[in-house]
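Student: task: produce atomic coordinates for the following.
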Amino acid sequence: MSRTRIAPSLLACDLAHVADEVRSVEAAGADLLHFDVMDGHFVPNLTFGPGLCAAVRRLTQLPLDVHLMVTNPDALVEPFVEAGANRVSVHVEAVTHLHRSLTHIRALGAQPGVALNPATPASVLDEVWPYVDFVLIMSVNPGFGGQHLILETLDKIARLRSERDQRGSAAEFAVDGGVEPGNAKALRSLGVDVLVAGTAVFRAADRRHAIAALRGEESE
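Tutor: From the prediction side, this is the model:
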């Protein structure tokens, strides 16, 4: 099994000191940096734009993982890729033409991903598996940090893994929402490739230890 990658979510960082925060989690062993982009419509919160992505791009060589929780993700794909995003996920619940959205992300040079809300069935991916580089499985209802993981999403991950393997897809699985050392082992056992964690990393007293614990490299 490949090493689980950890993507600290900047939603939980101290934005008054974002440069220090980015350097801190990079030094602590982060593999990616996750941007929760919210528009106040698709989810009840308002967060980051491409400007912050561009600023962070100048601070680090880590891959930037942009999660578009917005009503019109197609309008933001190109600005975020131009700002330095390496991976972009769009919510299947927000796009009209998912195939078009995914192929557009790839044409711009980024990895395309599909995000699924907890109540969205795994079957929505049936027609797009060949176009997906990663699936972002929401384990909370999106919009706020610090929530508890919805346990039923573990069954969805298992079903997605079975479907992916049957189709011979190489798509990665990422999980976002309520991820912490206490449930990371169960997520890793399901074959999750990327764990998105905000509070569990940025609010930890020892961020290096927190990231190692999420990977299972230290006692949980």
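
Student: show me where this protein has its helices.
Tutor: Along the chain, the stretches classed as helices by DSSP state H are 18-27, 50-57, 74-82, 98-107, 153-167, 181-189, 199-202, 207-215.

Student: quick check: buried residues in the third one?
Tutor: Burial within helix 74-82, assessed by neighbour count using 16 or more other Cβ atoms under 10 Å, is assigned to 74, 76-78, 80-81. Backbone N, C-alpha and C define where each C-beta goes, glycine included.

Student: okay, residue 55 and residue 35: tell me how far apart.
Tutor: 11 Å (Cβ to Cβ, to the nearest Å).

Student: of these two, who's got more company?
Tutor: Neighbour count, other Cβ atoms under 10 Å: between residue 55 and residue 35, residue 35 has more, with 27 against 14.

Student: tell me the pLDDT of that one.
Tutor: Listed pLDDT for residue 35 reads 97.

Student: residue 176 versus that one, what's the distance?
Tutor: From residue 35 to residue 176 the distance is 11 Å (Cβ to Cβ).

Student: between the two, what contacts are shared?
Tutor: 9, 67 (Cβ atoms under 8 Å, 6 or more residues apart in numbering).

Student: for the closest residue in space to residue 116 that isn't next to it in sequence, name its beta-bridge partners.
Tutor: Nearest non-adjacent residue to residue 116, counting by Cβ to Cβ, 6 or more residues apart in numbering: residue 137, 5.7 Å away. Beta bridges link residue 137 to residue 116, residue 175, judged by DSSP bridges.

Student: my guess is residue 137 meets residue 154, correct?
Tutor: No: counting by Cβ atoms under 8 Å, residue 154 is not a contact partner of residue 137; they are 9.6 Å apart.

Student: wait, doesn't residue 25 sit right on residue 33?
Tutor: Yes: assessed by Cβ under 8 Å, residue 25 is found in contact with residue 33 at 7.4 Å.

Student: any residues in contact with both of these two?
Tutor: residue 8.

Student: so who does residue 132 touch?
Tutor: Contacts of residue 132 by Cβ under 8 Å, 6+ apart are 102, 112-114, 125, 169, 171.

Student: now with 7 Å?
Tutor: Applying Cβ atoms under 7 Å, 6 or more residues apart in numbering to residue 132 gives the contacts 102, 112-114, 125, 171.

Student: now the buried members of those.
Tutor: 102, 112-114, 125, 171.

Student: which one of those is nearest residue 65?
Tutor: residue 113 (8.3 Å; Cβ to Cβ).

Student: thank you kindly, that will do.
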